[in-house]
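>>> With the input below, show me the fold.
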Amino acid sequence: MVLSQVFERFVQESPVSVMARAAMEHALAPAALDALFDEHAEQQYTRELLFSSVVDLMSVVVTKTQPSVNAAFQSVKHTLPVSLTALYNKLNGTEPGVVSALVRHTADRLAPVIEATKGRMPPRLAGMPMRILDGNHFAATERRLGVLRGSIAGPLPGHALVVLDPELMLAIHMIPCEDGHAQERSLTSEILARVGRGEVWMADRNFCTCLLLSGVVDRDAFYVIRQHANMQVISAGTLRKRGRTETGEVYEQRVTLAKIDGTTMAARRIVLRLNKPTRDGDTEMAILTNLSADVADAVTVAELYRGRWTLETMFQSLTQMLRGEIDALGYPRAALLGFGVALVTYNVLSTIQAALRAHFGVETVTNEVSGYYIANEIRITMRGMAIAVEPEVWDSYQTLRPAAFARELVRWASHARRGSFKKHPRATKKPVPKRTRFPDKTHVSTARLLKESREKSR
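From the prediction side, this is the model:
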């Protein structure tokens, strides 16, 4: 069959693009997305423009396949029954609860697939699921809205908390907030609603509050959270040296903390005295945890906290590989939807990398394969593949069982040319010299300077 030959040619030449399209179909089946919208939308309703169509359009913007929402609309407007104004009205009105449900839905769909590939990352603590929590405040948008045009200050469209499963490398929760000035800790009740029994939650000091720590304990879960300066310690034992890590010496002491109801709770305080100060000038950091020493000794806790940077890396990926923050979307709900779709796309890329880990090995893919080059390959191939391969070919992947879909992903991964996605770690930056030359000039000619340099070197 000609169609199967075309499909197999893409499998041979660009397997990651085939994996991406199939994973999108599996995670974002249109019927499931429209049902999800009907379930979680409180005020919005579907008249002509389906939620699945909105997500599909936004996905080509966040993957940088199209440069803007307007450009994406122009390319598909013959398939949509609405105007550009109606599209923007839909984006600007999409409720945060719908976006949160979208991220959760895709994580639920892709997690069993990653499990079935056997390409998950090694566990940090055996038998204890880890959750890494962090917040992302969106950068200022363009001043397109009437209320913003005279503003000198940068308009902030909101922020979001994200929960990462570091073994599956999936963003499993997004907690959106429309108020760009709201503190992360103001969303504590929504965080606690997502804490499950036996889970280990890691977060930075912005989340170190009595309410969050006591809430985690009350849910029979565990925390590994950097101590905030305002966190009250009622009593503390002797600080004892426990060893060292790559970054410094590790000490430990027992402390007593206050709970929100006025009672107290015991905790361990792990102090890491750093070899080099942090960007903020800190020479040591303190980490609070209720994990027992039998489960994780002091050095292990310090190493676990270092793993929190995995989520920082994810936020960086949303900036470099994807367009997680669309500066033209000034309305908070539209900005949150764009960020949510970027998280969904990140989860699809994580599923591809899990299949690659299953075939090539965890260490090889982690150390050698660049997610940036995978995303770039998908971006340049997807449009041509959409034209060449009939849409009906992808329909079967919407309902394929996780185990069967995982086998297909690993089979496709075997065709990937690993060298095409090789990481190129950046060398250590040279210190930037002070700019003292040519103080009386506005511009200089680079060609003349190079010529002078060559003449001097002779």
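>>> what number of residues lie near Glu455?
8 (other CB atoms under 10 Å). Bear in mind the C-beta positions are built from the backbone N, C-alpha and C, glycine included.
>>> Give me the most central residue, the chain.
The chain has Met314 as the residue nearest its centroid, 4.0 Å off, counting by CA atoms, centre = their mean.
>>> that's a helix at that residue, yeah?
Yes. Met314: assigned to a helix according to DSSP: H, G, I helix; E, B strand; the rest coil.
>>> my guess is it contacts Asp165, does it?
No. Contact between Met314 and Asp165 fails when scored by CB atoms under 8 Å: they sit 11.1 Å apart.
>>> got the residue ranges for the strands in the stretch 201-350 of the chain?
222-226, 233-236, 240-245, 248-258, 264-274, 284-289 (DSSP state E, counting those that start in this stretch).
>>> Looking at the first one now, give me its mean pLDDT.
Average pLDDT, strand 222-226: 96.
>>> what do you get for the last one?
Along strand 284-289, the predicted confidence averages to a pLDDT of 94.
>>> in the stretch 301-450 of the chain, which ranges drop under the pLDDT threshold?
311-312, 427 (pLDDT under 70).
>>> got it, and the stretch 151-300 of the chain?
Judged by pLDDT under 70, no stretch of the stretch 151-300 of the chain qualifies at all.
>>> Tell me which of the strands of the stretch 201-350 of the chain is the most buried.
Of all these, strand 222-226 has the most neighbours on average by mean count of other CB atoms under 10 Å, namely a mean of 24.
>>> Can you list the neighbours in contact with that one?
128, 198-205, 207-208, 212-213, 216-217, 285-291, 301, 304-305 (CB atoms under 8 Å, 6 or more residues apart in numbering).
>>> Can you flag the buried ones in those residues?
Among the contacts of strand 222-226, those classed as buried by 16 or more other CB atoms under 10 Å are 199-205, 207-208, 212-213, 216-217, 285-291, 301, 304-305.
>>> re earlier: for the residue nearest to the centre of the chain, which non-adjacent residue is spatially closest?
Leu164 (6.1 Å; CB to CB, 6 or more residues apart in numbering).
>>> Tell me how far that neighbour lies from Phe315.
10 Å (CB to CB, to the nearest Å).
>>> Common neighbours of the two, please.
The contact lists of Leu164 and Phe315 share Asp134, where a contact means CB under 8 Å, 6+ apart.
>>> Compare these two (neighbour count), which wins?
Leu164 (26 against 16).
>>> which residues touch that one?
Arg131, Ile132, Leu133, Asp134, Leu170, Ala171, Ile172, Thr310, Leu311, Met314.
>>> Gly97 versus that one, what's the distance?
21 Å.
>>> Going along the chain, name the helices of the stretch 151-300 of the chain.
188-192, 210-218, 298-306 (DSSP state H, counting those that start in this stretch).
>>> buried set for the first one?
Same thing as helix 188-192. Those buried within helix 188-192 under the rule 16+ other CB under 10 Å are Thr188, Ile191, Leu192.
>>> ok so, going back, show me what the residue nearest to Met314 bridges to in the sheet.
Ile132, Ala171 (DSSP bridges).
>>> Pull the number of nearby residues for the closest residue in space to Leu336 that isn't next to it in sequence.
In space, Leu336 comes closest to Pro176 once its chain neighbours are excluded; the distance is 4.4 Å by CB to CB, 6+ apart. Pro176 sits with 25 neighbouring residues when counted by other CB under 10 Å.
>>> contacting residues around the one helix or strand Trp412 maps to?
Of the helices and strands defined by DSSP states H and E, Trp412 is found in helix 402-413. The contact list for helix 402-413 (CB under 8 Å, 6+ apart) reads 11, 15, 18-19, 22-23, 26, 112-117, 119, 351-352, 354-356, 358-360, 397, 400.
>>> Gln5: neighbouring residues, count only.
When neighbours are defined as other CB under 10 Å, Gln5 has 8 of them.
>>> and what of Asp134?
22.
>>> Hmm, it is touching Thr310, no?
No. Contact between Asp134 and Thr310 fails when scored by CB under 8 Å: they sit 9.5 Å apart.
>>> quick one: Lys241 and Gly248 touch, right?
No. Between Lys241 and Gly248 there is no contact under CB under 8 Å: 11.5 Å.
>>> Adding distance to Val224 as columns, could you present the contacts of Leu164 in JSON lines?
Output for the contacts of Leu164, formatted as JSON lines (distance: CB to CB, whole Å):
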{"residue": "Arg131", "distance to Val224": "10"}
{"residue": "Ile132", "distance to Val224": "10"}
{"residue": "Leu133", "distance to Val224": "11"}
{"residue": "Asp134", "distance to Val224": "13"}
{"residue": "Leu170", "distance to Val224": "20"}
{"residue": "Ala171", "distance to Val224": "19"}
{"residue": "Ile172", "distance to Val224": "18"}
{"residue": "Thr310", "distance to Val224": "13"}
{"residue": "Leu311", "distance to Val224": "13"}
{"residue": "Met314", "distance to Val224": "18"}
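>>> Closest one to His78 out of those, please.
Nearest to His78 among the contacts of Leu164: Ala171, at 33.2 Å, using CB to CB.
>>> can you pull out the helices in the stretch 1-150 of the chain?
Going by DSSP H, counting those that start in this stretch, the stretch 1-150 of the chain shows helices at 2-13, 15-27, 30-40, 51-62, 69-76, 84-93, 96-117.
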